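1. need a structure here:
(chains A, B and C)
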Amino acid sequence: MDDIAYILGVIATITFSITGVLAVSGKRIDIFGVVAVGFVTAVGGGTIRDVILDVPVFWIEDALQLLAAVAAALLTFVLRERIHKRYQLLLYLDGLGVGLFASTAVVKTLGLGLEASHAMVMGVITGIGGGMIRDLLTGHPTLLMSRDLYATPILLGMGAQIVAFSSGLLSSDQAMLLGVATIFIGRSLAVFFHWQMPSVLTFNGKD
Amino acid sequence: MDDIAYILGVIATITFSITGVLAVSGKRIDIFGVVAVGFVTAVGGGTIRDVILDVPVFWIEDALQLLAAVAAALLTFVLRERIHKRYQLLLYLDGLGVGLFASTAVVKTLGLGLEASHAMVMGVITGIGGGMIRDLLTGHPTLLMSRDLYATPILLGMGAQIVAFSSGLLSSDQAMLLGVATIFIGRSLAVFFHWQMPSVLTFNGKD
Amino acid sequence: MDDIAYILGVIATITFSITGVLAVSGKRIDIFGVVAVGFVTAVGGGTIRDVILDVPVFWIEDALQLLAAVAAALLTFVLRERIHKRYQLLLYLDGLGVGLFASTAVVKTLGLGLEASHAMVMGVITGIGGGMIRDLLTGHPTLLMSRDLYATPILLGMGAQIVAFSSGLLSSDQAMLLGVATIFIGRSLAVFFHWQMPSVLTFNGKD
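-> Presented below is the predicted three-dimensional model:
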């Protein structure tokens, strides 16, 4: 992967470590648990992606990513009172992290010569896998049990990225930035306007 | 793997995607979550199997399996009211899917030159792994916490398959069909007669 | 890996299978579930380690480890009433198992030429991964949600082991034994004196 994708990946790792720690800040959990939660949130999705793709796991190949996740978690623990007041900001930061993770995963998967369908699945796994492991380990209901509009911007962004790149309209880097921007803006609008999935696209108890 | 095992594997993938979606149909979950649950139920067990065996993950090698799982989940969501009335039928269908997954995993594992004990473990992981991940992600108690007679038919069927094949009595395909039939019939009888594990083979609070 | 590390690894596998089964002994769970829980507790952490390191999974390469875990779980089920009375003893046994798993994982990871930070992460994953999967599958809150002093002795022991080995003070085997001893003694003291993480290093609801 080239430099831009790498740098964006490191930023996503740090972002997710911070949001991971803040997601458990109301829980009774010690400093080791905090670092473990930050680390798992940051690298969990990408680890599952790399294991399934059978390529070297990114934080094994590059210990900087491991250290970035741990350092970000520790710093967030120390500054937790100051950061927690900006929780709303973090929902937007999370949207940026999801966009970065999903779009870089698309680049990595297509770069292995796999199908667009694989790239979409890998983008979703990388984008939300870490948060799901965090929710399981800390006893929260997972994202799947929420009606927040979370996955839709990811799917739209990755779709735009893949179409723009495969059609030759944009270069790989340009298409990636389009994907990140679409996901980030879509998710930010969903947070700001409290958008939810319409009922017709939702199971509910009355079915 | 040969043609019969491949076709049976695709049928099992579709079956599990359907039952996975129906298992969450009483929950509040949106269409993305529905597809994710169907996909994970369908491919989760086989993915863990392939990663542990260090062979290419089956739906990476063959995108048709990925598309079959997603399409089956979407169709089940659309037809959910009609299918849900046949829930009892689905318990039998699930028994067929488990049989297909377990028996094809035995063939795959023995084909790698591994031991019978490995084949048994891989059959169990492939047969029930996807359903367990589904239960974790959707907040259900897992299969392990149930007294339904679920694992016993799987173990008997795989045992029969391995003995029949290793002794040279049956070919690999014939032994696989024996395994599938044993698991399907055993599980169907357990559903029909509400068989449970006898108390002497169960931990309980009074121990 | 050499003979001492191998033998200690098998002892750790058996130990964790026993403690895994006893951890669910108050739950309603049948003999299959018991064996599955013992097996997963015993091999889960090491399986995740090997998959991430992209080396052959230890119980695939060596079926003896698989059989040891299953046999230990079955025997524990049979003798459950007698063993359960010694539950306190098991907390110490668990500390020994964690020490063995963490320290042998450090040796394995450094032996692949990876960084000290990788060795620490792999030690933690191997030491506590199996217990976490067990807790998830059986519906317990995980270790992360506890204030028991559990991870600190592991981190101290692995740190001592890595420093002693990297500085050339001790051989790999000697450093491993130092690591095991530090973890076992530290964890035993924590159990005996009911040590908990100090509040300043703990998130709580008031933050």
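2. helices and strands around the helix or strand residue A:46 falls within, which ones?
-> Counting by DSSP states H and E, the element that carries residue A:46 is helix A:31-53. With contacts defined as 3 or more Cβ pairs under 8 Å, 6 or more residues apart in numbering or on different chains; DSSP states H and E, helix A:31-53 has these neighbours: helix A:3-23, helix A:58-61, helix A:63-78, helix A:87-111, helix A:116-138, helix B:31-53, helix C:31-53, helix C:151-166. Where C-beta positions appear, they are placed from N, C-alpha and C, glycine not excepted.
3. I'd like those as JSON lines, with mean neighbour count, mean pLDDT and distance to residue C:104 appended.
-> Shown next, in JSON lines, are the helices and strands packed on helix A:31-53 (neighbours: other Cβ atoms under 10 Å in any protein chain shown; pLDDT from 0 to 100; distance: least, Cβ to Cβ, whole Å):
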{"stretch": "helix A:3-23", "mean neighbour count": "22", "mean pLDDT": "87", "distance to residue C:104": "28"}
{"stretch": "helix A:58-61", "mean neighbour count": "20", "mean pLDDT": "96", "distance to residue C:104": "18"}
{"stretch": "helix A:63-78", "mean neighbour count": "19", "mean pLDDT": "94", "distance to residue C:104": "20"}
{"stretch": "helix A:87-111", "mean neighbour count": "23", "mean pLDDT": "90", "distance to residue C:104": "32"}
{"stretch": "helix A:116-138", "mean neighbour count": "24", "mean pLDDT": "94", "distance to residue C:104": "24"}
{"stretch": "helix B:31-53", "mean neighbour count": "25", "mean pLDDT": "94", "distance to residue C:104": "19"}
{"stretch": "helix C:31-53", "mean neighbour count": "25", "mean pLDDT": "94", "distance to residue C:104": "9"}
{"stretch": "helix C:151-166", "mean neighbour count": "21", "mean pLDDT": "95", "distance to residue C:104": "10"}
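4. and of those helices, who's closest to residue C:172?
-> Set against residue C:172 and scored by Cβ to Cβ, those come closest in helix C:151-166, at 5.8 Å.
5. now the closest one against helix C:87-111, angle please.
-> Between helix C:151-166 and helix C:87-111, the angle comes out at 40 degrees (axes from the mean of the first three to the mean of the last three Cα atoms, to 10 degrees).
6. Next SSE downstream of helix C:151-166?
-> Immediately after helix C:151-166, counting by DSSP H and E, sits helix C:172-192.
7. got a list of contacts for that following helix?
-> Defining contact as Cβ atoms under 8 Å, 6 or more residues apart in numbering or on different chains, one finds that helix C:172-192 is touched by C:2, C:4-5, C:8, C:91-92, C:94-96, C:98-100, C:102-104, C:106-107, C:110, C:148-150, C:152-154, C:156-158, C:160-162, C:164-165, C:169-170, C:195.
8. If we go by neighbour counts, what in it is buried?
-> C:172, C:175-184, C:186-188, C:190-191 (16 or more other Cβ atoms under 10 Å in any protein chain shown).
9. Tell me which two of these sit farthest apart.
-> Using Cβ to Cβ, these reach their maximum pairwise distance at C:172 and C:191, which is 28.6 Å.
10. for the nearest residue to residue A:114 once chain neighbours are set aside, what are its contacts?
-> Spatial nearest neighbour of residue A:114, chain neighbours left out: residue B:60 (6.8 Å); criterion: Cβ to Cβ, 6 or more residues apart in numbering or on different chains. Taking Cβ under 8 Å, 6+ apart, we find residue B:60 in contact with A:52-54, A:114, A:118.
11. cutoff 7 Å now
-> A:52-53, A:114, A:118 (Cβ atoms under 7 Å, 6 or more residues apart in numbering or on different chains).
12. now for the residues you listed, which pair is the farthest apart?
-> Taking Cβ to Cβ, no two of the contacts of residue B:60 sit farther apart than A:52 and A:114, at 10.6 Å.
13. Show me which residues of chain A are close to chain B?
-> A:51-54, A:114-115, A:117-118, A:121, A:132, A:136, A:141-142, A:144-145, A:147, A:151-152, A:197, A:201-205, A:207 (Cβ under 7 Å from any Cβ of the partner chain).
14. try 6 Å this time
-> Contact residues (Cβ under 6 Å from any Cβ of the partner chain) of chain A with chain B: A:51-52, A:115, A:117, A:136, A:141-142, A:144, A:147, A:151, A:197, A:201-204.
15. and residue A:195, how many neighbours?
-> 17 (other Cβ atoms under 10 Å in any protein chain shown).
16. What's the local residue count around the spatially closest residue to it that is not a sequence neighbour?
-> Once flanking residues are discounted, residue A:195 sits nearest to residue A:149: 4.4 Å by Cβ to Cβ, 6+ apart. Residues lying near residue A:149 (other Cβ under 10 Å) number 20.
17. State the pLDDT value of residue A:149.
-> The model reports residue A:149 with a pLDDT of 79.
18. In contact with it, which residues?
-> Residues in contact with residue A:149 (Cβ atoms under 6 Å, 6 or more residues apart in numbering or on different chains) are A:190, A:195, A:197.
19. and if you look at residue A:106?
-> A:119, A:123, A:158, A:161.
20. if I look at it, how far off is chain C?
-> 22 Å (Cβ to the nearest Cβ, to the nearest Å).
21. Over to residue A:42?
-> From residue A:42 over to chain C (counting by Cβ to the nearest Cβ), the distance is 12 Å.
22. Ok, residue A:115 next?
-> Residue A:115 is 23 Å from chain C, by Cβ to the nearest Cβ.
23. Nice, that's everything, thank you.
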